[in-house]
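Participant: coords please:
(one chain, ligands or ions: 2)
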Amino acid sequence: MLHRIVDFSVRDVRFPTSAEQHGSDAMHTDPDYSAAYVVITTDSKVQGFGLTFTLGKGTDIVVCAVKALSGLVIGKFLQDIVGDFRGFYRLLSSDSQMRWLGPEKGVIHLATAAVLNAVWDLWARTEGKPLWKLLVDMDPKQIVSCIDFRYITDALTEEEALDILMKAQEDKQHREEQMLKKGYPAYTTSCAWLGYTDEQLKQLCTDAFKSGWTKFKVKVGADIEDDKRRCGLIRHMIGPQNTLMIDANQRWDVSEAISWVSELSEFRPLWIEEPTSPDDILGHAAISKALGTLGIGVASGEQCQNRVMFKQFLQAAALQFVQIDSCRLGSVNENLAVILMAHKFRVPVCPHAGGVGLCELVQHLILFDYISVSADLHNRMCEYVDHLHEHFTCPAIIEKAHYMPPKNPGYSCEMLESSVVKHQYPDGEVWRKKIA
Ligand SMILES: C[C@H](O)[C@@H](O)[C@@H](O)[C@H](O)C(=O)O
Ligand SMILES: [Mg+2]
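Facilitator: Ligands and ions are numbered 1, 2, ... in the order given. You can find the predicted model right below:
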C-alpha cells in the first residue's frame, strides 16, 4: 500500500517545569521543557509523530523553521522517501536557500530533526514495528543508504560502515533476546538538578537507590563548595562501588574545567559532561588529556551540532563518551552515522535523554546500537529522567534501572492529544492561567 503525505501540522507545546526547578543546571536555570511537535498524515490515514526538544522561549522560532521545511514533505510518498532516504535527508538539510540558516546546525537542524523523526515514526508504524526493531531487522545495505556520508568519509566510509554492520550480524538474535528480557542499562539524572535542595537530593537519591538505581548524575559548575557538598552527599549515599557522573553544562573555560574537576576527583566521577563550550573540540581534547590521568572521562553531545563535529571530537580523542541526542542531530539518519563512527573509534555511546520525549525516542537508537553495532555493554548506559512521561501514548518503561524495549509500532513520540491541547503555548489551559 502506498502512503502519500497529505497533511502536516506543527505545534508549540510547553511544560512549566521551571516552577519546581526540574531540569535546572549551571547554565539553564529555569528550563520549561518544551517541544515543536509534528504530526504528518497520509492519504491512507496512517500518521507519523515527531518532535524536537527546546527549553521554552524560542520554541515558536523552531515551529516557524519546521513550517519552512514542511513544503518539502507534503505530497511525497513514504515509499519514495525511504527508497532514497539519504537523498531525502539531503533535500531537507541542504535546500539551497534554507541551508544558509545552518547548515546542519541550530534552529533549522532542530526543525529537520522534528520532521524526520515524524517520518521515521510513520515508516515504523506502516511496517508494524517499533523503530528499534525496524532498524535491527533492516538489511545493512539499506541502513547505510539512510546515511549522508558527506563530510565524514575521511573518518568512516560507506564500505567500512557496511562492514561494521555485517560483522555485528553474528549473535544479533541472542542480543535482541537479552534486551527483551533484561532491557538496556540506564542511569538517572532525576535526583540532583542544580536547583534542588540538599533535602530533596537526599530523599530522591534514597528513593532511587531503593528502586534499584546504581548510576547517578549530579549537576555541578555554579559553586565549588556546593558541588563538593552535593557530590559528597551522593557518593556517601551510593557507596564506593556505584557510579557517579557530573555535568557542568558548558559552564567553564578550559583551564577552569581542569582545576574545578580536579577538586571534585575525590568523589570519583566516571565522567565530566559538557565541561566547556560544546563547539570547542581542542578544548575538550585538552581537558580529556588532563583529567584522563585522574581516571575521569569527558562526555558531550547533547548540544553537539552534527556528525561533522562528532567526527572531529573522535579524531581528536576529545571525548571518552559520545552522547547522541535524538532531537539535536538530524534524526535517526545522522545518529546512525555517529553510532557507527563511535564504534570505529571504540568510544562508548551513552545517549542524552530526559527533557520531554527524549527518553522515549533515544531508547530505540541505543537498542539498535547494542544489538546491531557495538555488542558491548561495558561503560555504557542510557540517561533516564523521570519527568513528563505521562504525556505520551507509549511512555518509556523502566524496570530495575533498565529501559525495556518498546513493543508498540513507531518511534514512541506520540503525545496524548489532551496533553498537547492543554500545554499548547500560549493558548492552552496551562499557559492561559499563567499568563492571565
Ligand atoms: C536543561 C536540561 O535539563 C539539561 O540540564 C539536561 O539536558 C542535562 O544536561 C542532561 O544531561 O540531562
Ligand atoms: Mg547534560
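
Participant: Show me where the stretch 51-200 of the chain has its helices.
Facilitator: For the stretch 51-200 of the chain, helices defined by DSSP state H, counting those that start in this stretch occupy the ranges 59-70, 78-83, 85-93, 106-126, 131-137, 140-145, 158-167, 172-182, 198-210.

Participant: Let's have these in a markdown table, adding mean neighbour count.
Facilitator: No exception for glycine: its C-beta is placed from N, CA and C like everyone else's. Shown next, in a markdown table, are the helices of the stretch 51-200 of the chain (neighbours: other CB atoms under 10 Å):
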| stretch | mean neighbour count |
| --- | --- |
| helix 59-70 | 20 |
| helix 78-83 | 17 |
| helix 85-93 | 20 |
| helix 106-126 | 25 |
| helix 131-137 | 22 |
| helix 140-145 | 17 |
| helix 158-167 | 16 |
| helix 172-182 | 15 |
| helix 198-210 | 15 |
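
Participant: Up against ligand 1, what does the stretch 151-300 of the chain have?
Facilitator: Proximity of the stretch 151-300 of the chain to ligand 1, by CB under 6 Å from any ligand atom, involves residues 189, 247, 249.

Participant: Please tell me I have it right and the last one contacts residue 23.
Facilitator: No: between residue 249 and residue 23 there is no contact under CB atoms under 8 Å: 10.6 Å.

Participant: Please say which of those two ends up with more neighbours.
Facilitator: residue 23 (27 against 21; other CB atoms under 10 Å).

Participant: Leaving out sequence neighbours, find the closest residue to the more buried one.
Facilitator: Excluding its sequence neighbours, the residue lying closest to residue 23 (CB to CB, 6 or more residues apart in numbering) is residue 31, at 4.2 Å.

Participant: now that neighbour, what's its secondary structure?
Facilitator: At residue 31 the chain is in coil, as set by DSSP: H, G, I helix; E, B strand; the rest coil.

Participant: what residues are up against it?
Facilitator: Residues near residue 31 by CB atoms under 8 Å, 6 or more residues apart in numbering: 17-18, 22-24, 55-56.

Participant: try 6 Å
Facilitator: By CB atoms under 6 Å, 6 or more residues apart in numbering, residue 31 lies in contact with 18, 23, 55.

Participant: Which per-residue confidence value corresponds to it?
Facilitator: At residue 31, the pLDDT value in this model is 97.

Participant: so how far is ligand 2 from the closest residue in space to residue 32 that isn't next to it in sequence?
Facilitator: For residue 32, ignoring the flanking residues on the chain, the nearest one in space by CB to CB, 6+ apart is residue 56 at 3.4 Å. In this structure, residue 56 and ligand 2 are 17 Å apart, going by CB to the ion, to the nearest Å.

Participant: what about residue 56, neighbour count?
Facilitator: Using other CB under 10 Å, residue 56 has 18 other residues around it.

Participant: Ramachandran angles for it?
Facilitator: Per-residue torsions, residue 56: phi 120, psi -110 (degrees, to the nearest 10).

Participant: what kind of secondary structure is the residue in the stretch 301-436 of the chain that ligand 1 sits nearest to in?
Facilitator: With distances taken as CB to the nearest ligand atom, the stretch 301-436 of the chain approaches ligand 1 most closely at residue 354, which sits 4.3 Å away. In three-state terms, and counting by three-state DSSP, residue 354 is coil.

Participant: Show the contacting residues for the nearest residue to it once chain neighbours are set aside.
Facilitator: Closest residue in space to residue 354, ignoring its immediate chain neighbours: residue 385 at 3.3 Å, by CB to CB, 6+ apart. Contacts for residue 385 were tallied using CB under 6 Å, 6+ apart; they are 189-190, 354.

Participant: separation between residue 385 and residue 37?
Facilitator: Residue 385 sits at a distance of 19 Å from residue 37 (criterion: CB to CB, to the nearest Å).

Participant: go on, residue 330?
Facilitator: Counting by CB to CB, the separation of residue 330 from residue 37 is 18 Å.

Participant: next one: residue 76
Facilitator: 20 Å.

Participant: Between the two, tell me which one has more neighbours.
Facilitator: Counted by other CB under 10 Å, residue 76 and residue 37 do not tie: residue 37 has more neighbours, with 28 against 18.

Participant: For the stretch 51-200 of the chain, which residue gets nearest to ligand 1?
Facilitator: Closest approach of the stretch 51-200 of the chain to ligand 1 (CB to the nearest ligand atom) occurs at residue 189, with a separation of 4.7 Å.

Participant: Where does the residue lying closest to that residue once chain neighbours are set aside sit: helix, strand or coil?
Facilitator: Leaving out its chain neighbours, the residue that sits closest to residue 189 by CB to CB, 6+ apart is residue 217, at 4.4 Å. Judged by three-state DSSP, the three-state class of residue 217 is strand.

Participant: What degree of burial does residue 217 show, as a neighbour count?
Facilitator: Neighbour count for residue 217, taken as other CB under 10 Å: 28.

Participant: so what's it bridging to?
Facilitator: According to DSSP bridges, the partner residues bridging residue 217 are residue 245.

Participant: ok, now which ones touch it?
Facilitator: By CB under 6 Å, 6+ apart, the residues touching residue 217 are 189, 245, 247.

Participant: so how far is residue 35 from the first one?
Facilitator: Just to be clear, that refers to residue 189. Residue 189 is 18 Å from residue 35, by CB to CB.

Participant: Compare the two (neighbour count), which wins?
Facilitator: More neighbours surround residue 35 than the other of residue 189 and residue 35, with 31 against 24 (other CB under 10 Å).

Participant: Quick one, grab the pLDDT at the nearest residue in space to the more buried one that is not next to it in sequence.
Facilitator: For residue 35, ignoring the flanking residues on the chain, the nearest one in space by CB to CB, 6+ apart is residue 51 at 4.2 Å. Reported pLDDT at residue 51 in the predicted model: 98.

Participant: Thought residue 34 was touching residue 51, still the case?
Facilitator: No: if you go by CB atoms under 6 Å, residue 51 and residue 34 don't touch, sitting 9.5 Å apart.

Participant: Quickly note the distance from residue 417 to residue 56.
Facilitator: Distance from residue 417 to residue 56, counting by CB to CB: 22 Å.

Participant: Please apply the same query to residue 185.
Facilitator: According to CB to CB, residue 185 and residue 56 sit 31 Å apart.

Participant: Equivalent analysis for residue 99, please.
Facilitator: Distance, residue 99 to residue 56, by CB to CB: 27 Å.

Participant: Tell me which helix or strand in the protein has the weakest average pLDDT.
Facilitator: Every helix and strand in the chain was compared by mean pLDDT, DSSP states H and E; the lowest is helix 429-435, with a mean of 91.

Participant: Where does residue 259 sit, in terms of helix or strand?
Facilitator: Per DSSP states H and E: residue 259 is located in helix 254-263.
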